[in-house]
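Peer 1: Structural data only, the sequence is not supplied:
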């Protein structure tokens with residue numbers, strides 16, 4: 001179906017299908033499946049970029065949404081104030097996940113959201129990320145020491161990838177690292193595609209219960225942690241920060257602070273460890289911070305961990321000469337945007353020296369751009385640098401087809417474990 005035909009039928013199809021429970025047979029189901037034990041971008045995205053960049057697709061929970069696959073459309077829509085986060089009060093709109101609950105990211109007021117983000121921006125800056133780097137280097141070396149002692153077989157996910165960002169977020173927030181098992185359970189629930197809204201609200205209740213004594217401790221003895229900064233702001237009055245907003249932001253950081261980095265590193269290792277020439281190229285960059293940073297950006301571009309972000313139009317908007325009515329769900333495919341040949345020539349090639357004139361879409365854009373992106377970049381640089389300096393011959397311990405894979409139950413995907421030897 002071409003864009004003109006979609007424009008004629010798109011305004012009513014979603015609402016009709018949600019109301020009647022029927023599905024149109026002329027549009028594809030989303031998400032497009034990856035091949036078994038593969039992180040290669042499905043070919044459907046390239047076809048849609050070429051033929052139908054604003055396409056309607058059936059969503060897993062019913063109804064139809066607009067899928068954006070071209071870089072320029074994703075780039076523009078991320079920052080469009082007429083296209084916002086989905087909120088619980090939007091009701092049963094087309095989406096991937098079962099339940100939607102309130103979060104810091106779904107705050108309605110841009111002004112309020114930006115004001116609260118600015119309270120902690122300094123902690124997530126490039127400068128602060130670099131102050132954390134020595135501690136992350138020390139931690140990753142300690143982890144490799146343990147891996148070497150228990151080797152020659154290790155799980156790069158459990159023994160290395162998870163523990164590093166977990167330690168960083170615990171230090172930033174001022175929460176005990178020994179509670180890792182709680183954070184992981186909460187993270188799985190918040191990223192679950194199957195958990196109901198009631199189940200997610202129960203997780204929020206547990207997180208609030210957990211954070212309450214930590215917040216009280218910070219009120220009595222203010223520290224320089226993120227929660228400490230938020231508590232100080234809360235103490236200035238609700239016009240600066242409410243207790244509810246404090247909890248919303250703290251919960252968001254706990255969940256996002258480790259899951260995305262650990263999955264990105266594990267998935268990138270699954271890809272690169274099958275390409276010894278790329279590992280050799282990466283080793284050449286270990287003592288060159290500028291070239292290493294460039295390599296990490298390319299690794300982020302080609303490593304899928306999420307399919308993209310769902311939004312809902314609050315007003316009618318135009319995308320690629322097509323009108324999307326108000327109240328329609330729009331899915332921004334960051335996966336496809338990062339493979340757009342109009343922006344990244346030969347996009348399926350991994351070029352560790354790629355010169356990028358436009359930013360990758362991995363971290364989003366606009367007011368909801370990932371606040372921790374600079375710390376994530378630093379962590380990935382250190383994770384790869386320490387691994388390849390200490391275990392230069394690291395390789396997969398089993399064929400790729402035998403690596404345990406995650407079930408299709410959460411927003412993130414890839415290997416559940418990554419057995420390696422050296």
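Peer 2: Cool, the structure landed. Values in this document were obtained by computation on a predicted structure and should not be read as measured data.

Peer 1: so how far is stretch 39-56 off the chain centroid?
Peer 2: Relative to its chain's centre, stretch 39-56 lies at 20 Å (C-alpha atoms, centre = their mean, to the nearest Å).

Peer 1: distance between the ends of it?
Peer 2: Stretch 39-56 has an end-to-end distance of 24 Å (C-alpha to C-alpha, to the nearest Å).

Peer 1: Name the residues of it that are buried.
Peer 2: Going by neighbour count (16 or more other C-beta atoms under 10 Å), the buried part of stretch 39-56 is 39, 41-42, 44-46, 48-49, 52-56. Bear in mind the C-beta positions are built from the backbone N, C-alpha and C, glycine included.

Peer 1: Kindly report the same for stretch 285-301.
Peer 2: 285, 286, 291, 292, 294, 295, 296, 297, 298, 299, 300, 301.

Peer 1: how about low-confidence regions in the protein?
Peer 2: 1-25, 105-106, 108 (pLDDT under 70).

Peer 1: Could you pull out the strands in the protein for me?
Peer 2: Assigned by DSSP state E, the chain shows strands spanning 54-58, 64-68, 83-84, 154-155, 309-313, 317-319, 322-324, 329-332, 395-396, 419-421.

Peer 1: okay, those strands in TSV with distance to residue 101 next?
Peer 2: Formatted as TSV, the strands of the chain follow (distance: least, C-beta to C-beta, whole Å):
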stretch	distance to residue 101
strand 54-58	24
strand 64-68	20
strand 83-84	16
strand 154-155	32
strand 309-313	14
strand 317-319	26
strand 322-324	25
strand 329-332	17
strand 395-396	38
strand 419-421	36
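
Peer 1: To residue 380, which of these lies closest?
Peer 2: strand 419-421 (17.0 Å; C-beta to C-beta).

Peer 1: so what does the closest one touch, helix or strand wise?
Peer 2: strand 154-155, strand 395-396 (3 or more C-beta pairs under 8 Å, 6 or more residues apart in numbering; DSSP states H and E).

Peer 1: in the sheet, who's paired with residue 323?
Peer 2: residue 318 (DSSP bridges).

Peer 1: before we move on, the earlier item: how about the buried residues of stretch 285-301, which pair is most distant?
Peer 2: 286 and 301 (20.0 Å).

Peer 1: give the contact list for residue 319.
Peer 2: The neighbours of residue 319, taking C-beta atoms under 8 Å, 6 or more residues apart in numbering as the test, are 54, 66, 68, 73, 76, 77, 330.

Peer 1: Farthest pair within the residues you listed?
Peer 2: Across those (C-beta to C-beta), the longest gap, 13.4 Å, separates 66 and 76.

Peer 1: who has more neighbours, those two?
Peer 2: Set side by side, residue 66 and residue 76 show more neighbours around residue 66, with 25 against 19, by other C-beta atoms under 10 Å.

Peer 1: For the most centrally placed residue in the chain, give its distance to residue 245.
Peer 2: With the centre of the chain defined as its mean C-alpha position, the nearest residue by C-alpha atoms, centre = their mean is residue 260, 5.1 Å away. Applying C-beta to C-beta, to the nearest Å, the value for residue 260 to residue 245 is 22 Å.

Peer 1: what's the answer for residue 298, then?
Peer 2: Using C-beta to C-beta, residue 298 is found at 37 Å from residue 245.

Peer 1: Contacts only, for the residue nearest to residue 41 when sequence neighbours are not counted.
Peer 2: Excluding its sequence neighbours, the residue lying closest to residue 41 (C-beta to C-beta, 6 or more residues apart in numbering) is residue 339, at 5.3 Å. Residues in contact with residue 339, defined by C-beta under 8 Å, 6+ apart, are 41, 45, 46, 302, 347, 348.

Peer 1: and these, which two are the farthest apart?
Peer 2: Maximum pairwise distance among the contacts of residue 339 (C-beta to C-beta): 14.1 Å, between 46 and 302.

Peer 1: count of neighbours near the closest residue to residue 342 other than its chain neighbours?
Peer 2: Counting by C-beta to C-beta, 6+ apart, residue 342 lies nearest to residue 71, which is 6.5 Å off, once chain neighbours are set aside. Residues lying near residue 71 (other C-beta under 10 Å) number 25.

Peer 1: so what's the residue nearest to residue 360 when sequence neighbours are not counted up against?
Peer 2: Spatial nearest neighbour of residue 360, chain neighbours left out: residue 301 (4.7 Å); criterion: C-beta to C-beta, 6+ apart. Neighbour list for residue 301: 338, 344, 354, 356, 360, 362 [criterion: C-beta under 8 Å, 6+ apart].

Peer 1: Please tell me how far residue 301 sits from residue 359.
Peer 2: Counting by C-beta to C-beta, the gap from residue 301 to residue 359 is 10 Å.

Peer 1: For residue 85, give me phi and psi.
Peer 2: phi -60, psi 150 (degrees, to the nearest 10).
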